[in-house]
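Colleague: Need the 3D shape of this:
(2 chains)
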Protein chains: 2
Amino acid sequence: MTAYKSKHGYEGLLVVIEGTDGSGKSTQISKLKRWIEDQSYGAMVSEWKTSKFIADAINDAKERNLLNATTFSLLYAADFADRLEQVIIPALKAGFVVILDRYIYTAYVRDVVRGHDIEWLKNLYNYAPEPDMVFYLDVPVEILLKRIIGTTGLDYWESGRDIGLSSDFYESFRIYQDKCIAEYQKMKQEYNFISIDGTLSEKEIHKKIISHVKDILEV
Amino acid sequence: MTAYKSKHGYEGLLVVIEGTDGSGKSTQISKLKRWIEDQSYGAMVSEWKTSKFIADAINDAKERNLLNATTFSLLYAADFADRLEQVIIPALKAGFVVILDRYIYTAYVRDVVRGHDIEWLKNLYNYAPEPDMVFYLDVPVEILLKRIIGTTGLDYWESGRDIGLSSDFYESFRIYQDKCIAEYQKMKQEYNFISIDGTLSEKEIHKKIISHVKDILEV
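Modeller: Below you'll find the model as predicted:
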């Protein structure tokens, strides 16, 4: 499908969009998917944490607020392993452009902020295929706060309330997202993130994303 | 509770009984528990894979035969992490003798036989407390076969049928258990297993076990 040699050896391509909640990932992902399909390629989206049977266990446990950081981390890892084998790899073999709404970097960020050792995590995910391209939507925490409060409200986990950063929800969100953003910044170079200013207009961000995707897709 | 300095630093003791299905673990565990209580110590038993919410996910997935080896491995690891924090560590802190019906060695054996790298697995469980004593009930595969066929019958997973060793169930069980026993043998020295001849009478095995447990328990 492409002159570009994929990093993972499968026929399709693996494109990751990373960023915190409220960074505009979903909008950009649906725009990118449509654009890829318009170029006559098959495209599919897979989100972090969607395997049915594990998602149930995670949601159940979240509700009861039962999980310690390690259990949580391992459940996400199990979910990913399942989704990788059932969904992502078959799609890559079939030549699809697989757009991933968050990837292992999300796990790294969340777990490192919760005290896990990064080397332990890298080992945990060492079988994950290397993406062909990783976009990072960079949005300052003040803007995230405004967007989130105006839409979905402050989520318990996205505010890091499980790790007791502050009894003030607003403050807890700010501290937690700050820590996450700092971890993303650390990974940028190691994993060749293409960082995009997430405060630009939807159109501008989309234009930037496709200008890069064109490098790996024959259009 | 004891003059012996525990390896994990908690006040209680961690005693593991390992062995394949049909090796007589359950019988010995209940005898040991009773004996420890007779010495006026608190004792509790925890089995591999019993956390409610994860057990459901595992059973559900087993039924549908959906899991690949990595997902399976990570679900067991998540279950263990949950049980460690919710059950095992609190009991150790409270000074109990915690008797574990299988421990991380079971995960190593099952997963290595399914093609996992042992170093990946050691990293996965590197936060597990070191047991104070590990017993291994050694039973040749021919005797296991007779015991299992005479009682529970050949289990799908304990026969390794998921990895397609043979279409003959009896043969599959034999090959799979042979492989597991070989892995246990490899670990014996590294983890100081106390190997006990599982073909002896229940009484004789029990006597041997308590003669060792007396070394770490003030009785």
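Colleague: what's the neighbour count on residue A:159?
Modeller: One way to gauge burial is a neighbour count; for residue A:159, by other Cβ atoms under 10 Å in any protein chain shown, it gives 24. No exception for glycine: its C-beta is placed from N, CA and C like everyone else's.
Colleague: what's the offset of stretch A:169-188 from the middle of its chain?
Modeller: Centre-to-centre, stretch A:169-188 and its host chain are 15 Å apart (Cα atoms, centre = their mean, to the nearest Å).
Colleague: Contacts made by it with the rest, please.
Modeller: Identification of contacts with stretch A:169-188 by Cβ atoms under 8 Å, 6 or more residues apart in numbering or on different chains yields A:18-20, A:105, A:108-110, A:112-113, A:136, A:138, A:140-141, A:144-145, A:148, A:154, A:158-161, A:163, A:165-166, A:193, A:195.
Colleague: buried subset of those residues?
Modeller: Neighbour counting with 16 or more other Cβ atoms under 10 Å in any protein chain shown marks A:18-20, A:105, A:108-110, A:112-113, A:136, A:138, A:141, A:144-145, A:148, A:154, A:158-161, A:165, A:193 as buried within those.
Colleague: quick one: stretch A:116-126 to chain centroid distance?
Modeller: The chain centroid and the centroid of stretch A:116-126 are separated by 17 Å, computed with Cα atoms, centre = their mean.
Colleague: Now do the helices in chain A.
Modeller: A:25-38, A:52-64, A:69-83, A:89-93, A:104-113, A:118-124, A:141-150, A:169-190, A:202-213 (DSSP state H).
Colleague: Now the last one: buried residues?
Modeller: If I follow you right, that is helix A:202-213. In helix A:202-213, residues buried by neighbour count (16+ other Cβ under 10 Å) are A:205, A:206, A:208, A:209, A:210, A:213.
Colleague: Remind me what that helix packs against, helices and strands.
Modeller: Using 3 or more Cβ pairs under 8 Å, 6 or more residues apart in numbering or on different chains; DSSP states H and E, the elements in contact with helix A:202-213 are helix A:25-38, strand A:133-138, strand A:194-197.
Colleague: With the third one instead?
Modeller: The elements that helix A:69-83 packs onto, with contact taken as 3+ Cβ pairs under 8 Å, 6+ apart, are helix A:52-64, helix A:104-113, helix A:118-124, helix B:69-83.
Colleague: and among those helices, the most buried is which?
Modeller: Highest mean neighbour count of the helices and strands packed on helix A:69-83: helix B:69-83, a mean of 25 (counted as mean count of other Cβ atoms under 10 Å in any protein chain shown).
Colleague: Keeping just the C-alphas, turn it into CSV.
Modeller: Once side chains and other backbone atoms are set aside, the C-alpha atoms of helix B:69-83 remain, and they are given as CSV (Å, rounded to 0.1, in the frame of the first residue of the first chain):
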residue,chain,number,x,y,z
ALA,B,69,-0.8,-16.4,26.0
THR,B,70,0.2,-12.8,26.8
THR,B,71,-3.3,-11.6,27.8
PHE,B,72,-3.7,-14.7,30.0
SER,B,73,-0.4,-14.1,31.6
LEU,B,74,-1.2,-10.5,32.3
LEU,B,75,-4.7,-11.3,33.7
TYR,B,76,-3.1,-13.7,36.2
ALA,B,77,-0.6,-11.1,37.1
ALA,B,78,-3.3,-8.5,37.7
ASP,B,79,-5.2,-11.0,39.8
PHE,B,80,-2.1,-11.7,41.8
ALA,B,81,-1.3,-8.0,42.3
ASP,B,82,-4.9,-7.5,43.6
ARG,B,83,-4.8,-10.4,46.0
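Colleague: do you know how far residue A:175 is from chain B?
Modeller: 24 Å (Cβ to the nearest Cβ, to the nearest Å).
Colleague: start to end distance for stretch A:6-16?
Modeller: Taking Cα to Cα, to the nearest Å, the span from the opening residue of stretch A:6-16 to its closing residue is 14 Å.
Colleague: between the buried residues of helix A:202-213, which is closest to chain B?
Modeller: Taking Cβ to the nearest Cβ as the measure, chain B lies nearest residue A:213 of the buried residues of helix A:202-213, at 29.3 Å.
Colleague: any low-confidence regions in chain A?
Modeller: Within chain A, the set of residues satisfying pLDDT under 70 comprises A:1-3, A:50-55, A:60-67.
Colleague: How many residues are close by the closest residue to residue A:95 other than its chain neighbours?
Modeller: Counting by Cβ to Cβ, 6 or more residues apart in numbering or on different chains, residue A:95 lies nearest to residue A:11, which is 4.4 Å off, once chain neighbours are set aside. For residue A:11, the tally of surrounding residues (other Cβ under 10 Å) stands at 13.
Colleague: Before I go, just wanted to say thanks for your time.
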